[in-house]
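Q: Predicted coordinates and the sequence they were generated for:
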2 protein chains.
Amino acid sequence: MQNGFEKVVYTPIGIVASSFNEPGDPKSLRNAESVLVIDEKYTGALDGLDRYKFILVIYHIDRSPGYRERVHPMGELSIPERGVLATRSPCRPNPIGITVAEILSMQGNKIRVAGLDALSGTPILDIKPYEEHFDSPAGIEREREPGYRPSDL
Amino acid sequence: MQNGFEKVVYTPIGIVASSFNEPGDPKSLRNAESVLVIDEKYTGALDGLDRYKFILVIYHIDRSPGYRERVHPMGELSIPERGVLATRSPCRPNPIGITVAEILSMQGNKIRVAGLDALSGTPILDIKPYEEHFDSPAGIEREREPGYRPSDL
């Protein structure tokens, strides 16, 4: 059990570039385009990503206000507070953000996306192809079918 | 730009407990039940999570074989190698795993789930309610509708 609480250290693989430098309207942020500028040493590791339309972007919320045990969901005071792990608030123990983004274009180490709700300068920790098999409730059901194998390779 | 490459340090919030201690058949692993044992100091932060049926579990793949630029998807030699970031392979620069899991029951700091493909002892970094708004391609489209606001609070 103790082993689970050893610290984990990651080095970002890139950074978000967009015109949003500070928190504002979440809807505008998410509707804007961003560029994921990936460290050039990982350009080869991106090979083949262009076959996907959607990716998961995993990022470090570097401007998180810090941990709070309870928050109002979406910052809406009209909604009763609940535990932060039962919300998408940035005030989580480990401020990791995850969003599904749409690939608009890719060139070398740069990926232009829509749908990302991260500020400019946000460190990117990982990028994964979105696969319904792993990333949706439907995938859990399908995995229970005998002989099912994911086809979206 | 440099700022993006500062190391990020996380302390796991809990650990996976299951009967799977080493890699094996991914299908059996995912169909098994696991218990997410969360650090007791975060029990309050879990309050309200039981309103959700599905959660994202974000974990550190502590038994990753290490970084490889290119891999065969799903380890299938019949599928040509591609960049690791275009796969769900554990051999990524930062071995972060993400799966949607189904909550079967919750009690205090323990969450019994199905659908998780993580080995026993895996450190858990974060838990988020699954929200179609952020976690599915459909959410990106919907966010573009004027006046749309997520209802699944």
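A: Here it is on my side, so go on.
Q: CA atoms for contacts and neighbours, from now on please.
A: Will do.
Q: any idea of the pLDDT on A:Gly66?
A: If you check A:Gly66, the pLDDT there is 96.
Q: That one - nearest residue in space that isn't next to it in sequence?
A: Leaving aside its sequence neighbours, A:Gly66 sits nearest to A:Cys91 (CA to CA, 6 or more residues apart in numbering or on different chains; 5.1 Å).
Q: Would you verify that A:Ile111 is located in a strand?
A: Yes - assigned with DSSP: H, G, I helix; E, B strand; the rest coil, A:Ile111 falls within a strand.
Q: which residue is nearest the centroid of chain A?
A: The residue lying closest to the centre of chain A (CA atoms, centre = their mean) is A:Ile98, at 2.2 Å.
Q: how about the strands in chain A?
A: Along chain A, the segments classed as strands by DSSP state E run A:8-10, A:14-17, A:33-38, A:54-60, A:70-71, A:82-83, A:96-107, A:110-114, A:123-129.
Q: Those: which one's closest to B:Ala138?
A: Closest to B:Ala138 of these is strand A:96-107 (CA to CA; 9.6 Å).
Q: For chain B, tell me whether that closest one is touching it.
A: Yes - judged by CA under 8 Å from any CA of the partner chain, strand A:96-107 comes into contact with chain B through A:96, A:98-102.
Q: which ones are touching A:Leu46?
A: Listed by CA atoms under 8 Å, 6 or more residues apart in numbering or on different chains, the contact set of A:Leu46 reads A:109, B:83-86.
Q: roughly how far apart are the residue nearest to the centre of chain A and A:Glu69?
A: A:Ile98 sits at a distance of 20 Å from A:Glu69 (criterion: CA to CA, to the nearest Å).
Q: And the pLDDT at the closest residue to A:Ala86 other than its chain neighbours?
A: Sequence neighbours aside, B:Leu49 is the residue nearest to A:Ala86 in space, at 4.4 Å (criterion: CA to CA, 6+ apart). The score at B:Leu49 is 97. That number is its pLDDT.
Q: Now tell me which helix or strand of chain A has the poorest mean pLDDT.
A: helix A:26-31 (a mean of 72; mean pLDDT, DSSP states H and E).
Q: Please write out the alpha-carbon positions of that helix in PDB.
A: What follows is helix A:26-31, C-alpha atoms only, in PDB (Å, rounded to 0.1, in the frame of the first residue of the first chain):
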ATOM      1  CA  PRO A  26     -15.100  28.200 -20.600                       C
ATOM      2  CA  LYS A  27     -17.200  28.100 -23.700                       C
ATOM      3  CA  SER A  28     -15.000  30.600 -25.600                       C
ATOM      4  CA  LEU A  29     -12.000  28.800 -24.500                       C
ATOM      5  CA  ARG A  30     -13.200  25.400 -25.600                       C
ATOM      6  CA  ASN A  31     -14.400  26.700 -29.000                       C
END
